[in-house]
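>>> Fold the following for me, if possible:
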Amino acid sequence: MGHLDHAALGWLTPVLSYAMACIGAALGLRCTVRALGATGRSRRNWLITAASAIGTGIWTMHFVAMLGFSVSGTDIRYDVPLTIVSLLVAMAVVCAGVFAVGHSRDRTRALLLGGLTTGLGVASMHYLGMAAVRLHGDVIYDPVLVALSVLIAVVAATAALWAALNIKSPVAVTIASLIMGAAVSSMHYTGMFAVSVDVAPSGEVLPGATAMQFIFPLAVGLGSYLFLTSAFVALSPTTGEREASASAERPVEGAVG
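You can find the predicted model right below:
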């Protein structure tokens, strides 16, 4: 068995990956709050932004953490198409969960169904990302820890959707985002601790791209998207602010012309 190191770069990757998960969660919650206060096309656009933010945050968290993953006795490469598919899965399933909650009249049922769907999707993203790993040897999983990681993903997703429905204030959103970031990180590392590798040393060149060739540039790009979108949401007026502005612009009845 090869020795696995989940933090080959020290505390940099765990801390940075946790920060990405928190930023994605915070942005997704704020966008969902905006969506619930909007109607029509505006609501749809806010929900899409929320889903892309949460999905991007989860995916970026996973692969930033993977930058610190190493196995003694073998190099590691990543299958590029499969890695991109894992990103699309993350966004699609989170989008399904967010839209279920954002448009359903029976919110309790939508919350449970959306949480289950989104949680299973997040777990699928994680294990698709792991399936994209190429190394000299066989990857083996502990089924108990795999099941635990899926359970954590479902609970975390349900909690995230509940928070999106019930938490409004910026302080509460910040606290919820820190908790959600911790839950997503716990899911990731539980899934990683389920992994062991039976290394088969070989001189053959592995297919795929290295983490620095592909994962790092993509993670930086998606991280920049999260920061820029956060700035846009922070500067965008809320529904209440727009209504107050429109009310202030109306001529006062009876005012002298």
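
>>> Going by C-alpha atoms from here, please, whenever you check contacts or count neighbours.
Fine.

>>> for the helix or strand L161 falls within, packing partners?
Using DSSP states H and E, L161 sits within helix 143-166. Where contact means 3 or more C-alpha pairs under 8 Å, 6 or more residues apart in numbering; DSSP states H and E, helix 143-166 is packed against helix 12-36, helix 80-103, helix 107-131, helix 170-193.

>>> for this structure, what's the longest helix?
Longest among the helix segments of the chain by residue count, using DSSP state H, is helix 40-66.

>>> other SSEs contacting that helix?
For helix 40-66, the packing partners by 3+ C-alpha pairs under 8 Å, 6+ apart are helix 12-36, helix 80-103, helix 107-131, helix 170-193, helix 216-235.

>>> which parts of it are buried?
Within helix 40-66, the residues that count as buried by 16 or more other C-alpha atoms under 10 Å are 43-66.

>>> Kindly report the same for stretch 152-170.
152-165, 167.

>>> cool, stretch 83-94 as well?
Across stretch 83-94, burial judged by 16+ other C-alpha under 10 Å covers T83, I84, S86, L87, L88, V89, A90, M91, A92, V93, V94.

>>> what's the distance between the spatially most central residue of the chain and R43?
The centre of the chain sits closest to I58, judged by C-alpha atoms, centre = their mean, with a distance of 2.1 Å. Computed as C-alpha to C-alpha, to the nearest Å, the I58 to R43 distance reads 23 Å.

>>> same question, I152
29 Å.

>>> do the same with V33
For V33 relative to R43 (C-alpha to C-alpha), the value is 10 Å.

>>> cool, and G114?
18 Å.

>>> quick revisit: which of the helices and strands packed on helix 40-66 sits most buried?
A comparison of these by mean neighbour count, using mean count of other C-alpha atoms under 10 Å, puts helix 12-36 on top with a mean of 25.

>>> What number of residues are in the vicinity of A132?
A132: 19 surrounding residues under other C-alpha atoms under 10 Å.

>>> so who does it touch?
Neighbouring residues of A132 by C-alpha atoms under 8 Å, 6 or more residues apart in numbering: Y78, D79, V80, L82, T83.

>>> For those, work out which two are farthest apart.
Among the contacts of A132, the pair separated by the greatest distance (C-alpha to C-alpha) is Y78 and L82, at 8.3 Å.

>>> Would you mind listing where the protein has pLDDT under the threshold?
1, 104, 234-257 (pLDDT under 70).

>>> on that earlier part again, now tabulate the helices and strands packed on helix 143-166 in a markdown table and tack on distance to T229.
Below are these laid out as a markdown table (distance: least, C-alpha to C-alpha, whole Å):
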| stretch | distance to T229 |
| --- | --- |
| helix 12-36 | 8 |
| helix 80-103 | 15 |
| helix 107-131 | 22 |
| helix 170-193 | 16 |
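
>>> between those helices, which one is nearest to P201?
helix 107-131 (19.4 Å).

>>> Tell me which residues are up against the closest one.
58-59, 62, 82-83, 85-87, 89-90, 93-94, 96-98, 100-101, 104, 149-151, 153-159, 161-162, 188, 191.

>>> Can you name the next helix or strand after that helix?
With DSSP H and E, the next secondary element past helix 107-131 is strand 133-135.

>>> other SSEs contacting the following helix or strand past that following strand?
Sequence-wise, the next helix or strand downstream of strand 133-135 (DSSP H and E) is strand 137-141. On a contact count with 3+ C-alpha pairs under 8 Å, 6+ apart, strand 137-141 meets strand 195-199.

>>> Fine by me, we can end here.
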